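A.B. asks: structure for this input, please:
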Amino acid sequence: MMDYDTIDDVYLAGKNPEYDAAAKKLLSSKKILAWILKYCVEEFKDCSIADIRDRYIIGIPETASVPALPDETNAAGKIGADRISGERTEDTSVTEGKVTFDIRFRAITPRNELVQLIINIEAQRSRHTYYPLLKRAMYYVSRLISSQYGVDFDKAQYGKIKKVYSIWLCMDAPDDRGGITRYRMQEEPEYGNILDEKENYDLQQVVMVYVAHARADMENRLLNLLGELFVSEDDASRKKAELIEHYDIDLNENEERLVSTMCNLSVGVYVRGRESGEQIGFVKGEKSGMEKTSNQIVLNLLQMHMGMDFIKKATGRSEEDIKKLAEENHLPV
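C.D. replies: Alright, predicted model coming up:
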């Protein structure tokens, strides 16, 4: 049975579930997603950020921190006008196991409203894993295709299959040089010149985005934006000013709070435990804040409305313990 490959895979800042939850919620904002679609999804390359944000993203994007039951297609409820729901972030097959997508949503193409894109965004602290990350991405687009059966088409209605993208954000660009690499299916006649319509085979693409330090890639605004959000050591107020000045992104109160959380627990702040696996502390002085106990981490995740499954995986605590803490502090589970 397949779940998260390892719990480290889902943490952007070492073993820090709070940072991970905040980062994914921020990424699910249409204000940020519009920039990712502009630079990573071909169908939107000639569109304005405003049109992508306001016209082409369907519904309210939702994150894997609020997982859906495997037999529900539209389980996630609305959590705000600037976010997206309506897609299962958890995809379960009896024989293939479970995959939980970071952010999964649909978007309508500007040229043909009958064609839909199903897009998932995955954020990784490191591109270095014990398996080839690209193979995992290929597996994800395959699951995005196969999971349409029974939802978008039945039996032999394969013409209704929707195009899918899997976009991966890696926060450790090689040699600190950012880049975007695309992988797709191509048509290559080897004998004769028998061709088919591109829309019949160009159904899945993987886009790997390697984020370098903020302002290091001046020719690519998406890389600069992601660098400012996830790699830059700017404080929250400076990040907000940069986003408004250079990207016309005005954060609301909740989004500002997410950025502040990320600044306090930023990538590189957390030092992994050695062979014992225990936390050995934060290494950036005042920016690190106070070390939080396991109970406090659970409470913080509950306050951020994280799902039970996510909190259990992130903290190693039992469902009984989590419910008890929630009850004692009058928090919903």
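A.B. asks: can you name the element that comes right after the helix or strand hosting Ser237?
C.D. replies: In the assignment (DSSP states H and E), Ser237 maps to helix 236-247. Of the helices and strands lying after helix 236-247 in sequence (DSSP H and E), the nearest is helix 253-264.
A.B. asks: buried residues, that following helix. List them.
C.D. replies: Glu255, Arg257, Leu258, Val259, Ser260, Thr261, Met262, Cys263, Asn264 (16 or more other Cβ atoms under 10 Å). Backbone N, C-alpha and C define where each C-beta goes, glycine included.
A.B. asks: cool, stretch 180-199 as well?
C.D. replies: Ile180.
A.B. asks: and the contacts of it?
C.D. replies: 39-40, 115, 134, 137-138, 163, 201-210, 220, 222-223 (Cβ atoms under 8 Å, 6 or more residues apart in numbering).
A.B. asks: same thing but at 6 Å, please
C.D. replies: Outside stretch 180-199, the residues that touch it by Cβ atoms under 6 Å, 6 or more residues apart in numbering are Tyr201, Gln205, Val206, Val207, Met208, Val209.
A.B. asks: drop anything exposed from the residues you listed.
C.D. replies: Neighbour-count burial (16+ other Cβ under 10 Å) is assigned, among those, to Gln205, Val206, Val207, Met208, Val209.
A.B. asks: is the last one part of a helix or strand, or is it coil?
C.D. replies: To tie it back to what came earlier, the one meant is Val209. For Val209, the assignment made with DSSP: H, G, I helix; E, B strand; the rest coil gives strand.
A.B. asks: hmm, it is touching Leu169, no?
C.D. replies: Yes - between Val209 and Leu169 a contact is recorded at 5.0 Å, counting by Cβ atoms under 6 Å.
A.B. asks: just give me the neighbour total for Asp51.
C.D. replies: 14 (other Cβ atoms under 10 Å).
A.B. asks: host element of it?
C.D. replies: helix 49-51.
A.B. asks: state the mean pLDDT of that helix.
C.D. replies: Averaging pLDDT along helix 49-51 yields 95.
A.B. asks: tell me which helix or strand comes right after it.
C.D. replies: By DSSP H and E, the next helix or strand past helix 49-51 is strand 57-63.
A.B. asks: pLDDT of that next one, averaged?
C.D. replies: 79.
A.B. asks: may I have that strand exported as CSV, CA atoms only?
C.D. replies: Provided in CSV are the C-alpha atoms of strand 57-63 (Å, rounded to 0.1, in the frame of the first residue of the first chain):
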residue,chain,number,x,y,z
ILE,A,57,-9.1,28.7,-12.3
ILE,A,58,-12.3,26.8,-11.4
GLY,A,59,-13.6,26.8,-7.9
ILE,A,60,-11.5,27.1,-4.8
PRO,A,61,-8.1,25.2,-4.8
GLU,A,62,-7.7,22.8,-1.8
THR,A,63,-4.7,21.3,-0.2
